[in-house]
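Novice: Quick one, structure for this:
(chains A and B)
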Amino acid sequence: MNAMRPSTLETLGLGSVFDIFRRGQLPLDAAAAVGEVFGPAAARGSLVISGAGGTVGAGKAVQLGSRLARHGVTVVGLDLPGAPDGLARQFPGLVRAFGAAQAGAIMAGIVRLHYDGRILPERLRELRPRVLLEAVPEVLDLKRAHYRVFRDTFPEIEIRSVTSGFPSHALGVGIAHPAFPHEINKVWEIVEETPSAFTRLLWAIGLLPVPVSDHWSFVLDVLFCGLTLAALRQQRASNLPYWKSDKLVRRALGPNPFRAHDVIGAKGANFLTWSCLHHLSQQYGPLFAPTPELVQRKESGQNWYPPAHFRPLVDWAVTERDEEELQDWILGALIQMTSLLLHERRSHLTHLNAIGELCAQFRRGILAVIRELGPDAALRRVAAYHRLHPEAAGGPWYPETLAAIGTPPWQQLYVNAEHDGTIGVVSLARESYNHDVDAELNRALDWLQAAGIGRLIVSGDFHLSTQMSGADTAEFLPARGDAERGAAISRAWSATARRLHDDFRVSVGFIAGKRCLGGMLELMTHCHYLVAPENALLGMPEVTLPVVPGMEGCHWPLRKTDAAGRAKLLRLLLTGETVSGAEAAGWLVDYAGPMDASLAAAWEFASHAEARPLPRAAVELPPVPALPEAPSPQTDAARRAILDCVRGACAAPLAEALEAQARHAGAFMAGEWCGLSRT
Amino acid sequence: MSDAPDAYRRARIPYGTWGSSYFPAWQMSPLAEVNIGQFAGEAMNRILGLRGVPRRQLDFLVLGSTIPWHWKFWTAPLVASCMDLRIPGYHLEQACATGLQAVLAAAAEVESGAHDVVGVLTFDRTSDSPVGVFPERRAYQRTVPLTDVWDNFGFDPATGRAMLACAGQAARKYRIERGEVDELTALRYRQYFAAKERGFLDKVLVPLELLNVQGKSMGWIDADLGVRGVSVASLGAMRELDTCVTAGTQTHASDGMATLLVTDRAHAREISPRPEIEIRIVAKAETRAAPGLMPEAPALAVERILARTGLRMADMAVIKDHNPFAVNDAIFALRLQCDWRRMNNTGCPLVWGHPQGPTLTRVTIEALEEAVELGGGYVLVFGCAAGDVGIAAVFQVTDRGGAE
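Specialist: From the prediction side, this is the model:
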């Protein structure tokens, strides 16, 4: 099997995406994974979370509890008497996510125990602890003592620390470092020598374990704490208030570092950021040295934003020069820090890139940002940063790591391709479609074509992409006032999508994940065949934003089906409702069934099916189905615009429909009813 | 030029690190609706940012304001917090003398060696000034409500007179003519508009945009709102409220802030964009005039400072004052034998208003900026304040790099 770059699944010991389709089954079954970690159902062990009253412990208790309860695994929340009741605070969120009954059941499945920090409660023995997830305060000696207490009583227990900073070799246990917000964020940075059964269990229950190396502070904290530090240094030099610094950093990269600290809880977050930077500075020098402002807030626990009665009063207009200098401070520092991560081979590059997006609000991963800059501009940015902050020039700084930007691991951060000489599998590691994905998808298709591959499966990556949520709307913001720019994006992305249909003998779209919506569904429908697990959700929610679909969703799937199917598609387009894979079978998807059967069906289509012709002439539309009343004038306007687009694109021959669709999408984006914020 | 004593050997004012908001007339701008202490703190931070001075350089803050504001109890530490600074400081006030006294107090802090970089921040909001409610057992009302600005303007408890009556009484004492006062006033407006026209005010005043609680713009503070052109004829047509005093020949209430730094010499050279310019504080003086003769008091203070320093009016490169009434300048010119046409070349509070606390700070900044334009020299700043007080100070500007 050939691959553009190694699959991220391989870092978990789970093979490749290609293997999944070839075998027609997922590499690991959740029930089996639970059994391997917690023992057989008749003698199921428990998961103990110590520090369960804290932000991390409570969040992880409900996240893991909601996924393990169905397998009969008890979650034990252990904490000191008098510790805050973080678990109770999670209940409203559980109700919103699961409904009152299921939320109650999840909470009922969490056993809460107290202890004095030295002697474990006797009852714990009855619960057969198999795994300890330690979430006690970030004090090295305290953590080590805690492990001794458990190992003395339960010598076989598997221990993982949620630490954000201490390396595994210092703690003497493995690391499973989760990301905020802990109750919903699925990413866990994993430090262990080889992928363990516990790590594979996380994957099997739908979480995102991401192996990282055993260094002081892991990838997420180097990036996020490093970004916070860079913003602190910049505002220290410029007097920018923190709220304004946040706005500018958000505009440049996505995150609001200071707001994030306040939202997480300044007291704890300030300490963790300081702790991370303190240890990094001891390892690597002044590049990471905390500023006095951070030290002060670590000690006071004070928020970064002023209290509500002192909401900012004087605005802070910035010039282009100010913004350029901000880029030097922020991006220059981050590029230097990233060079350290690359030099130390902290993680698979796709992981390293995705962690910022999935856990720290980066609009695009740091590697994608650096890649777009190019090595020369990135080096110039770091040089400018060193002029502003000469202490950082002493290192660590590994400019040579940027020389590899042209290689496949850098070039295919979001899209991988694998083939066996006959069938190619393209896998998407990003849930929303943007220009990075578009470019990488084109490179992947080129690579397969160059290898003479005519049979193609397009799928999520079964790892970082747990759903296919649609187009990344941030990409459209520059087009808010510019219809031609919007149409250009639509045209370019549609042209890529058409390659799935035009450039391969047969192509199969596979919905890997919980749902496939909007632009991602438009992309997938360009395949000759579409396969979905029966419970996957499919929909075109553009009307609810509202925008007009831009990747031929207003005519392409309508050309693939009959009049009855078109009526259903019109309803999808005009209401934004979703349908399950099972409900969509026959008019939107070609096969829907259980996961393993769906995988096998996709392989079967790819192996033996032939392309189906698409009507190239205009297609006739059925009457518009009865619709529920539009909830707002904006939705009403969007419905009319989408219907106009459907009529225009379906009335055009296939060769002209792309342009018709693009013009409609671009015009709506520039118009008054579009729901996207103006830049 | 006479040799002046060197009263402040350590303290310097770093050139170019200062700034003031515009002074919109009361009730005319969004400043009428905000916490002026918070505004002042954030505006000072902004001004320091624009001047390239990291706020972390400051180690002490001297506040000057005269009108109570929300959370005034917390004074300098609170305002410092609005800049994300945890530095100490204190607050002082003495009506319109505040803006100059704050500079001199900051100089004393540096002079004493207690601090090296002291921020002077003066501000006031005359708009919608607060109402104090004072239990007074001996007053027939038992409890007395008092609006801070207008009730105080109208009644000096020590003399029973209004401010305006002081101006009339002083004009009568010095036999000032209405025509001279109107002519003087018209010149002051011409001076202001000429300075504005040639961009001088842009060196001193900083436009500031205010945000509401949703973070949306409430508008810009980018003009001395309420200032409009006058002529001798238009002034002459105005009704006389007291001797030589009309609506046109007195100042108006306004809102605003002003800030400058006082540092030791080394820090001044480090943080000034033009370290070759040295600004020293030479001397200060305060006096009180006889009851009800407030417009005379500044002249008395200047006479005192000249006597103590040995300087003469002829030594002064720049003369600038806080003149709530035009008669102030006429009396000053008469007593000091100084042509009022030589004074207030770039504008004055008679024209751009009277927010009390920051008034003399802006006067000082404009005067120092003017002296730098002239290539250096002595700068005389003075003014009157409630209680028939006069205050004066002399600065010396030396351009070691040569005149611009």
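
Novice: In three-state terms, label the residue of the stretch 101-250 of chain B at minimum distance from chain A for me.
Specialist: Of all residues in the stretch 101-250 of chain B, B:Glu209 sits closest to chain A, at 4.1 Å by C-beta to the nearest C-beta. Every residue, glycine included, has its C-beta placed from N, CA and C. Secondary structure, DSSP: H, G, I helix; E, B strand; the rest coil: B:Glu209 is strand.

Novice: count of neighbours near it?
Specialist: Counted with other C-beta atoms under 10 Å in any protein chain shown, residues neighbouring B:Glu209 total 17.

Novice: Contact residues of chain B facing chain A?
Specialist: Contact residues (C-beta under 8 Å from any C-beta of the partner chain) of chain B with chain A: B:34-35, B:38-39, B:42-43, B:45-46, B:48-49, B:53-56, B:82-84, B:86, B:208-211, B:213, B:215, B:217.

Novice: rewinding a little: how about the residue of the stretch 101-250 of chain B closest to chain A, what does it touch?
Specialist: A:Val314, A:Asp315, A:Ala317, B:Ser217, B:Gly219, B:Trp220, B:Ile221 (C-beta atoms under 8 Å, 6 or more residues apart in numbering or on different chains).

Novice: One more pass at 6 Å, please.
Specialist: A:Asp315, B:Ser217, B:Trp220 (C-beta atoms under 6 Å, 6 or more residues apart in numbering or on different chains).

Novice: Let me know the pLDDT of the residue in the stretch 301-404 of chain B that chain A sits nearest to.
Specialist: Nearest residue of the stretch 301-404 of chain B to chain A (C-beta to the nearest C-beta) works out as B:Pro358 at 15.3 Å. At B:Pro358, the model reports a pLDDT of 98.

Novice: ok, now which ones touch it?
Specialist: B:Gly99, B:Thr122, B:Phe123, B:Gly256, B:Met257, B:Ala258.

Novice: so is the closest residue to the fourth one other than its chain neighbours in a helix, a strand, or just coil?
Specialist: For B:Gly256, ignoring the flanking residues on the chain, the nearest one in space by C-beta to C-beta, 6 or more residues apart in numbering or on different chains is B:Phe23 at 4.0 Å. For B:Phe23, the assignment made with three-state DSSP gives coil.

Novice: quick one: B:Phe23 from B:Arg86, how far?
Specialist: With distances taken as C-beta to C-beta, to the nearest Å, B:Phe23 is found 30 Å from B:Arg86.

Novice: When these two are compared, which one has more neighbours?
Specialist: Comparing B:Phe23 with B:Arg86 by other C-beta under 10 Å, the one with more neighbours is B:Phe23, at 33 against 13.

Novice: So what does that one look like in phi/psi?
Specialist: Main-chain dihedrals, B:Phe23, degrees, to the nearest 10: phi -110, psi 80.

Novice: That one touches B:Leu225, doesn't it?
Specialist: No: the criterion here is C-beta atoms under 6 Å, and B:Phe23 misses it with B:Leu225 at 8.3 Å.

Novice: Residue ranges of each domain in chain A, please.
Specialist: Listed by automatic domain parsing, the domain ranges of chain A are A:44-211, A:219-308+A:318-409, A:414-670.

Novice: Show me the one of those that comes nearest chain B.
Specialist: Between those, domain A:219-308+A:318-409 lies closest to chain B; by C-beta to the nearest C-beta that is 3.4 Å.

Novice: Would you point out which residue is most central in the chain?
Specialist: All of this is about chain A. Nearest to the mean C-alpha position of chain A, by C-alpha atoms, centre = their mean, lies A:Leu358 at 3.8 Å.

Novice: Can you look at chain B instead?
Specialist: Central residue of chain B (C-alpha atoms, centre = their mean): B:Leu360, at 1.4 Å.

Novice: What strand or helix carries it?
Specialist: Element membership of B:Leu360, judged by DSSP states H and E, is helix B:359-374.

Novice: who does that helix touch, helix- and strand-wise?
Specialist: Helices and strands touching helix B:359-374, by 3 or more C-beta pairs under 6 Å, 6 or more residues apart in numbering or on different chains; DSSP states H and E, are helix B:98-111, strand B:255-264, strand B:316-322, strand B:376-385.

Novice: got a list of contacts for it?
Specialist: B:18, B:20, B:96, B:99-100, B:103, B:122, B:203-204, B:258, B:260, B:277, B:279, B:317-318, B:320, B:322, B:346, B:349, B:377, B:379, B:381, B:383, B:397.
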